[in-house]
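>>> just need the structure, nothing else, for what follows:
(2 chains)
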2 protein chains.
Amino acid sequence: MRVSNYLLSTQKETPANAEVISHQLMLRAGFIRRNASGLYSWLPSGLRVLRKVEAIVREEMNNAGAVEILMPLVQPADLWAETGRWEKFGPELLRFQDRHNRDFVLGPTHEEVITDLVRKEVSSYKQLPLNLYQVQTKFRDEVRPRFGVMRAREFLMKDAYTFHLSQECLDNTYAQMHNAYSKIFERMGLAFRPVIADTGSIGGSASHEFHVLANSGEDLIAYSNGSDYAANIEKAETAEPTTTLAAPTQEMTLVDTPNAKTIAELVEQFDVEITKTVKTLIVKGATEEAPLVALIVRGDHELNELKADKHELVAAPLEFATDAEIKDAIGASTGSLGPVGLTMPVIIDKDVAVMSDFAAGANQDGKHHFGINWERDLPMAQAMDLRNVVEGEPTPDGKGTYEFARGIEVGHIFQLGTNYSEAMGATVLDENGKAKEMLMGCYGIGVSRIVAAAIEQNHDDRGMMLPATLAPFTVGILPMNMHKSHRVKEMAEQLYKDLSAEGIEILLDDRKERPGVMFNDMELIGLPHVVVIGDRNIDAGVFEYKNRRTGEKQEIPFDQIVDFIKSSIKG
Amino acid sequence: MRVSNYLLSTQKETPANAEVISHQLMLRAGFIRRNASGLYSWLPSGLRVLRKVEAIVREEMNNAGAVEILMPLVQPADLWAETGRWEKFGPELLRFQDRHNRDFVLGPTHEEVITDLVRKEVSSYKQLPLNLYQVQTKFRDEVRPRFGVMRAREFLMKDAYTFHLSQECLDNTYAQMHNAYSKIFERMGLAFRPVIADTGSIGGSASHEFHVLANSGEDLIAYSNGSDYAANIEKAETAEPTTTLAAPTQEMTLVDTPNAKTIAELVEQFDVEITKTVKTLIVKGATEEAPLVALIVRGDHELNELKADKHELVAAPLEFATDAEIKDAIGASTGSLGPVGLTMPVIIDKDVAVMSDFAAGANQDGKHHFGINWERDLPMAQAMDLRNVVEGEPTPDGKGTYEFARGIEVGHIFQLGTNYSEAMGATVLDENGKAKEMLMGCYGIGVSRIVAAAIEQNHDDRGMMLPATLAPFTVGILPMNMHKSHRVKEMAEQLYKDLSAEGIEILLDDRKERPGVMFNDMELIGLPHVVVIGDRNIDAGVFEYKNRRTGEKQEIPFDQIVDFIKSSIKG
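As a prediction, the model looks like this:
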């Protein structure tokens, strides 16, 4: 490609309203342009990267035995009514009417459409398993689209759906897809991590997210430094406590603590370690018998709301009791709450169950108990994993300790079970001729988001440093002064021809621009290899080569340049 | 691909509500499924064809120097307000509001978005010309979607837009795109014809349509049997008359013709040739001075409304006068109208200007004039090309005579001029630093429609016969009884492996189906080459080969099959 035939559209200034670096760089490098909130046009350089992402995804899905189809973006509302999502889905689901006043949606996902398709096409277990995917435009009417294509309203996604007769078959395919996803992100040259994820509102039994690691990531990932175990912080499990419950050594005392409304204040004002304190949180209960429930974690730990939500006595989604409700039920305010003498159900974190001689609010304003011991001062409560893990503690597989990293979710795989096939009556006849609901899996990759995530992970002060498999071009040719020097022009064109013949993608900057401008553009869009050709080089018989990632410069004799570039690409 | 991993989904019955053969076959062959009126899912076989069409289009656009971008389907309404199309565009333009009550459309086309993009990115003539294209999903809320993907609401289109400083530059690019389009349809192996087209409501100065020829086509194309000249019937020009005006040989007589209300009745009841009669049609005028205008064509010719519309005295769009208006103005009814003594402007077809001794209504009910001659009986009227061409008459280039064919429009190229750049203020600075509106061209290809058009042109009683470049797979392997015969299975798998190694796309039917069912499916989806393997063949040491298009069957020795298939594919 010659820049003169291209739309490079780089800009020097960091654009206003672009908060994250990938958004800034994608605007500056002429990758995207905003049409309206959350709506973007992909300019040539950006689209080249997008298409490379798409191609790798497609190839690995095909290699894994998935079969490509294409469903429409515009979907009839009646399918969404069948699953109840026409009502349940929030305003992210863009609903509209056509010219005949029929209801439609712009599809944010395709579970309904694919389940409808498969229930019509498949009638026998012999046609299963089935693994269908598409690479398709989706629309989600985000209340606050942001970070460019990272959270756009219209975006490109790969979504796959699988159908099975047995859980074993679903498990097998789920493992294959997990494997295919790993291959996809490996081929893209990205540092990533598959993590155990919450199944969220879609439901189902198993779920993994694939995160591209980047300091700017919105998600916090807890991973083991000694094994493959990794989970979204919401889902990361604590190991069993390493200590056991010790015998009491202190009497329980009631102490005036008028100025200690928080754990920090308590620790500061009294001679007590934070690991000897507990936090008591009152939440709404799920049953009439227990309208309020107390959740207790150690003073230095944080409640994990998703974990608490799983308890049958806790209302889902988790809701904290109001100050008035607490005062009314306990007679004390937050800041003075504790387990001793509580009449509501008490659920404690596993680490709280091995605490002795600990301090807690006394359920009287301005008073705490010190030296509390289970069984002696109050009955042992029901214990469960109720908190977020912390860095440095052991992972549940016993093979290392937790480290944290930030990640950008670019893939998500789910076992849906029969959620959709039950709602929509998607059955097949099994070996005995009996109708059985199909088990389903779904598997998404945010194709356009990957471009942004890859840039978040791969950039420096001068611009993007995309891996070679994703860069818009592999080699940049920078002829100096080619509009005046015939031999520079000739040399540049010859190199363009020679490298093109090897199937290498090249951007030749044939503009009448200053060398500095041209070089900055090449670095901004992050071409992995740049070759400079000037009169001086021709006199010396060498090309100047610069590697974008290492910054290393080399002089390469004319007759070695093609082989040098070829071996540089192979790495 | 093995059928067991695939979604073949063929059906024997011709589906109800599918009027045209391509729609019927695409449903039967499992190419598409209907989601709602005008909305379709592409199943695997259909999508494979669609992607092949897309790939050829993309490659040839790239070869022609066009640069790919991707604009959103959802477009902000304010851009459409700028060009006035927010008001002017009919209900085909689907308008909706997002969650913040802002107006948007689902883009049926992208002139506004691209003009907005380019006016922001391009400021100097040095950046021109620019040729940008996309392959993208469009939506057009057709009042009556029909013929499957031939006229769907959501469809895949390639649209390109070019920007120029000069008409000469636009002409050059237009010619390049014309050429690229021809290459595209040639590579697809389709019989097609570029035809001169009306520029319609989009306006602009030049326009060609590309038609895939098929008996079922909605468009009538008039083409020369001696040259490249071809035009949509609306636009096909007549040659200059070969005869000149002869001297009168008859007196003009007024004759009672009470039972001749039509040309056919006149010719039948009186001794007059149809080529000696004229039809007089009264239409609304464009000016206050002439509220009605008379248009006259020879009795055996048909008025071409689009041609008539171009005359400055004729109201556009063309509207016929009512019976009451005619009676009021002329004092006679249709059926007795003629040019003699008319007080309104008279415009005649060029062929009428060379008629002598002709017959026409006398503008008195039940009466005709015979033996009318120009200048002697009435002044010569203004003559122009006012009629549809007929088969067998000379083409305007003098290089042949007209033949007719039916076609399906699959491509359309337009010179837009400055229509959009004026409305949206899309200017660049020219060589003298003066702001100048860019000239634009636009170039569309109906990617999804091509699949249907190709099938309309290539099918027989047994199913599709798509050209090899478009067929979903190149070779079908049909093992007979492979679930019982181990050696058949082994042989089939080996052939699958050997042909795959050559990069050939194969569908191996590994179902437990009767041979007839399997063979019919292969013929229905139209795989160009089918190889049958059964125990009988293994005994004989030969594969059975059948060519889909020629129907020719051959026995090919085992060791020659790969070379045979390779040479068959090359044709």
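>>> C-alpha from now on. contacts and neighbour counts both.
Will do.
>>> need the contact list for the residue positioned nearest the centre of chain A.
Note on chain A: the residue nearest the mean C-alpha position is A:E409, at 1.2 Å, using Cα atoms, centre = their mean. By Cα atoms under 8 Å, 6 or more residues apart in numbering or on different chains, the contact list for A:E409 reads A:209-212, A:219.
>>> please apply the same query to A:Y545.
Contact analysis of A:Y545 by Cα under 8 Å, 6+ apart lists A:529-532, A:553-556.
>>> circling back to that earlier point, of the contacts of A:E409, closest to chain B?
Nearest to chain B among these is A:V212, at 24.5 Å by Cα to the nearest Cα.
>>> in space, what's closest to the closest residue to chain B within the stretch 451-571 of chain A - neighbours in sequence excluded?
Closest to chain B within the stretch 451-571 of chain A is A:R511: 9.4 Å, counting by Cα to the nearest Cα. Sequence neighbours aside, A:S4 is the residue nearest to A:R511 in space, at 6.2 Å (criterion: Cα to Cα, 6 or more residues apart in numbering or on different chains).
>>> if I read this right, the residue of the stretch 451-571 of chain A closest to chain B contacts A:L7, doesn't it?
No - the pair A:R511 / A:L7 is not scored as a contact, 11.8 Å apart, by Cα atoms under 8 Å.
>>> before we move on, back to that, can you confirm the residue nearest to A:R511 is in a strand?
No - counting by DSSP: H, G, I helix; E, B strand; the rest coil, A:S4 falls outside a strand, being helix.
>>> measure it to B:G541 for me?
A:S4 is 60 Å from B:G541, where distance means Cα to Cα, to the nearest Å.
>>> the two: which is more packed in?
A:S4 (17 against 13; other Cα atoms under 10 Å in any protein chain shown).
>>> isn't that one right up against B:Y125?
No - judged on Cα under 8 Å, A:S4 makes no contact with B:Y125 at a distance of 11.6 Å.
>>> tell me how far the ends of stretch A:387-403 are from each other?
16 Å.
>>> pull the residues that contact it.
In this structure, residues lying in contact with stretch A:387-403 by Cα under 8 Å, 6+ apart are A:222-227, A:229, A:233-234, A:236-240, A:297, A:301-305, A:307, A:349, A:404.
>>> residues of it that come out buried?
Under the neighbour-count criterion of 16 or more other Cα atoms under 10 Å in any protein chain shown, stretch A:387-403 has A:387-390, A:394-396, A:400-403 buried.
>>> for stretch A:479-490, same thing?
Of the residues in stretch A:479-490, A:479-482, A:488-489 count as buried by neighbour count, 16+ other Cα under 10 Å.
>>> how about stretch A:521-537?
A:521-535, A:537.
>>> pull up the distance across it, start to finish.
21 Å.
>>> strands - which of the buried residues of stretch A:521-537 land there?
A:529-533 (DSSP state E).
>>> can you tell me which residues contact A:A230?
A:A230 makes contacts with A:193-196, A:221-224, A:236, as judged by Cα under 8 Å, 6+ apart.
>>> my error: substitute A:T162 in the last question.
A:129-132, A:170, A:173, A:440-442.
>>> how about JSON lines for the contacts of A:Y545, with distance to A:M465 and pLDDT added?
Formatted as JSON lines, these follow (distance: Cα to Cα, whole Å; pLDDT from 0 to 100):
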{"residue": "A:H529", "distance to A:M465": "11", "pLDDT": "97"}
{"residue": "A:V530", "distance to A:M465": "13", "pLDDT": "96"}
{"residue": "A:V531", "distance to A:M465": "16", "pLDDT": "96"}
{"residue": "A:V532", "distance to A:M465": "19", "pLDDT": "95"}
{"residue": "A:K553", "distance to A:M465": "16", "pLDDT": "95"}
{"residue": "A:Q554", "distance to A:M465": "19", "pLDDT": "95"}
{"residue": "A:E555", "distance to A:M465": "22", "pLDDT": "95"}
{"residue": "A:I556", "distance to A:M465": "23", "pLDDT": "95"}
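>>> wait, a helix at A:S500?
Yes - read with three-state DSSP, A:S500 is one of the residues of a helix.
>>> verify the contact between it and A:L507 for me.
No - look at A:S500 against A:L507 with Cα under 8 Å: they stay out of range, at 10.3 Å.
>>> now do the shared contacts for these two.
Jointly contacting A:S500 and A:L507 under the rule Cα under 8 Å, 6+ apart is no residue at all.
>>> between these two, which has more neighbouring residues?
Using other Cα under 10 Å as the criterion, A:S500 and A:L507 rank with A:L507 on top: 21 against 13.
>>> where's A:I538 relative to A:E555, distance?
With distances taken as Cα to Cα, A:I538 is found 12 Å from A:E555.
>>> same check on A:L93?
Here A:L93 is placed at a distance of 57 Å from A:E555 (Cα to Cα).
>>> tell me which of these two has more neighbours.
Neighbour count, other Cα under 10 Å: between A:L93 and A:E555, A:L93 has more, with 22 against 16.
>>> can you give me the pLDDT of the more buried one?
Looking at A:L93, its pLDDT stands at 97.
>>> doesn't A:L106 make contact with it?
Yes - between A:L93 and A:L106 there is a contact under Cα under 8 Å: 7.0 Å.
>>> please enumerate the shared neighbours of these two.
A:R140.
>>> tell me the bridge partners for A:L303.
Partner residues in beta bridges with A:L303, using DSSP bridges, are A:R387.
>>> for the nearest residue to A:T262 once chain neighbours are set aside, what are phi and psi?
Spatial nearest neighbour of A:T262, chain neighbours left out: A:G335 (5.7 Å); criterion: Cα to Cα, 6+ apart. When read as degrees, to the nearest 10, the backbone of A:G335 gives phi 110, psi -20.
>>> A:G335: neighbour count?
If you count neighbours by other Cα under 10 Å, A:G335 ends up with 26.
>>> check whether the host helix or strand of A:I184 comes near chain B.
Using DSSP states H and E, A:I184 falls within helix A:167-187. No - no part of helix A:167-187 sits close enough to chain B to count as contact by Cα under 8 Å from any Cα of the partner chain; the gap is at least 12.5 Å.
>>> the residue of the stretch 451-571 of chain A closest to chain B and B:I538, how far apart?
For A:R511, the distance to B:I538 - Cα to Cα - is 65 Å.
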